[in-house]
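Colleague: Provided below are the primary sequence and the corresponding predicted coordinates.
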Amino acid sequence: MMRLPPFRWHAPKDLAEVVRILAGEGPAARVVAGGTDLFPNMKRRHQKASTLVGLAGVEGFSGVTSTPEGDVVIGAGTTLRALERDAAAARLAPALVEAVATISTPVLRNMGTIGGNVCLDTRCNYYNQTWEWRRAIDFCMKCDGTTCWVAPSSPRCWAVNSSDGVPALIALGARARLVGPDDEREVPVGDLFRDDGIEYLAKRPDEVLASLIVPAQGDAVSTYRKVRRRGAFDFPVAGVAVRLRRDGDRVAEVAIVVNGVGSSPIRCTAAEELLVGEVPDADRIAAAAAAAWKPARPLDNTDHEHSWRKRMVRVETKRALEALTA
Amino acid sequence: MTVASEDGARPTADDPRRKAHVILRVNGEDHEVAFLPHKTLLEVLREDMGLTGTKHGCELGECGTCTVLVDGEPQLSCLLLGLQSVGRDIETVEGMAGADGLHPLQQAFAELGAAQCGYCTPGFLLTAEALLRNDPQPSRERIVEELSGNLCRCTGYLKIYEAVEQAAAARTAPGAGR
């Protein structure tokens, strides 16, 4: 049996109590919502906690609401399945719901939450292994060791941002509400991430992601495309979320966000600039897709061959743009 | 030792080395159980309650073998704590067959050879049961999607899909008991 290590367990009813426990216990305490990321990681001894704070019973932590203006507010504890089935979210934030429906499997989505998917630990073939496997290669920089085994001369960790929800949230211009012991703040979802496999979240350890706010999309359209080996279970080895608004024949606004090919989601600004103000014909789309391919820098630390993953960023960006402009 | 909260449904555990003492509702019956706070529902069912019908597979959420129903919804018992299961309605494969014999899904799996080694079968049965409660006549496409979190290394899945369809037909046939 691969058992969880022992821990103290708290299950508060309100968020103020959660942040009070986190502030009191420091980094030895962690929150857990669905448990589908943290528990496997704790079983493999990647992530450690002497105290766990269960979020499932926190009042007001889950649920999807929409305003008359078309904003969608999603409690961080909303299960992926509940979000996937929410008719208002599907209408108002299509790229997000499409992305969420591709995560792992239906039974896992019954448990995993959107907050957990946003805060998902970065992944790597040299990290997501049992303790015995990792000891056999003398551990890696991200956990218990000093060397990055995918790039041994690298001073940094290259574990991969593997969240399907994150690129969609960034493309849709979503904001994250963070609650700490003394304050709360709202930041663009893109500002939550750092380009580092270890310190990948810009959130303070005593802050809890409470909710996500997707602003009204007006007449913008959006979609998400994911590359993986199997039709279920697998994390993205490349993915792209695109939001696009047209004014007549021309592109008025566009956001292109790539994931699975770096330690953080990547906003493809060069590709976006090629489209804004232009008619999105086949040549323009091909040029934008080529520009989106450039900042993708996958290394050989996930499933599939990394040069193919990079090429697929171009292919999937083209397909997404074609689908949204057809 | 165990500390149950005032409503009894939200236990906490201040000492990781002391067993929690709680009530779990499994297959319609309340059971008094004591287990260490870090034990998963899978471990509690198998080791502390003797309910070994729920199988232990990858333990990481990557196979679906340990699926049970929690408040009617399929969940992975390897990634749910026993403490998180308090106050919820848990159903395992042991609760499927009744006094009048096998459950229609079990009958169909047996008749069509949808189980070979049988290890994944409890997870498939419960996932399929949750599907049929919500959608008594699911399309093949829906069955494939809903069962996509359960791995079977023997059957190639086709017999499993056919068994779910046969059970759905039997259940909705005139005079069907359930």
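Modeller: Everything's here; your move.
Colleague: which stretches in the chain count as helices?
Modeller: Here I'm looking at chain A. A:15-25, A:38-43, A:80-84, A:87-92, A:94-101, A:106-109, A:114-118, A:131-136, A:165-171, A:269-275, A:282-293, A:306-325 (DSSP state H).
Colleague: sorry, I should have been clearer: chain B.
Modeller: With DSSP H as the criterion, chain B has helices at B:41-43, B:104-112, B:121-134, B:140-146, B:158-172.
Colleague: quick one: the second one to helix B:121-134, angle?
Modeller: When axes from the mean of the first three to the mean of the last three Cα atoms, to 10 degrees is applied, the directions of helix B:104-112 and helix B:121-134 differ by 130 degrees.
Colleague: now what about helix B:104-112, what contacts it?
Modeller: B:96-97, B:101-102, B:114-115, B:121, B:124-125, B:128-129, B:132, B:159-160, B:162-164, B:166-167, B:170-171, B:176, B:178 (Cβ atoms under 8 Å, 6 or more residues apart in numbering or on different chains). All C-beta atoms are positioned from the backbone trio N, CA, C, and that covers glycine.
Colleague: ChimeraX command for the buried members of those?
Modeller: Selection of buried members from those for ChimeraX, criterion 16 or more other Cβ atoms under 10 Å in any protein chain shown:
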select /B:96,114,115,121,124,125,128,129,132,159,160,162,163,164,166,167,170,171
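Colleague: need the contact list for the residue in chain B positioned nearest to chain A.
Modeller: Proximity of chain B to chain A (Cβ to the nearest Cβ) peaks at B:G149, 2.8 Å away. With contact set as Cβ under 8 Å, 6+ apart, B:G149 has these partners: A:S104, A:T105, A:P106, A:V107, A:L108, A:A232, A:F233, B:G64, B:T67, B:P74, B:T127.
Colleague: beta partners of the residue nearest in space to the middle of chain B?
Modeller: For chain B, B:V68 is the residue whose C-alpha lies nearest the centre (Cα atoms, centre = their mean; 1.9 Å). As for beta bridges, B:V68 partners with B:Q75 under DSSP bridges.
Colleague: can you pull the residues of the stretch 151-300 of chain A lying near chain B?
Modeller: By Cβ under 8 Å from any Cβ of the partner chain, the part of the stretch 151-300 of chain A that sits against chain B consists of A:G231, A:A232, A:F233.
Colleague: ok, and the most crowded of those?
Modeller: Tallying neighbours with other Cβ atoms under 10 Å in any protein chain shown puts A:A232 at the head of these, with 20 neighbours.
Colleague: leaving out sequence neighbours, find the closest residue to it.
Modeller: Distances taken as Cβ to Cβ, 6 or more residues apart in numbering or on different chains put B:S148 closest to A:A232, at 3.9 Å, once the chain neighbours are dropped.
Colleague: could you check the pLDDT of the one you found?
Modeller: The confidence metric pLDDT takes the value 98 at B:S148.
Colleague: again with B:R10
Modeller: Value listed for B:R10 in the pLDDT field: 76.
Colleague: would you mind measuring from the nearest residue to it once chain neighbours are set aside to B:P11?
Modeller: Among residues not flanking B:R10 along the chain, A:A11 sits closest, at 4.7 Å (Cβ to Cβ, 6+ apart). Distance, A:A11 to B:P11, by Cβ to Cβ, to the nearest Å: 7 Å.
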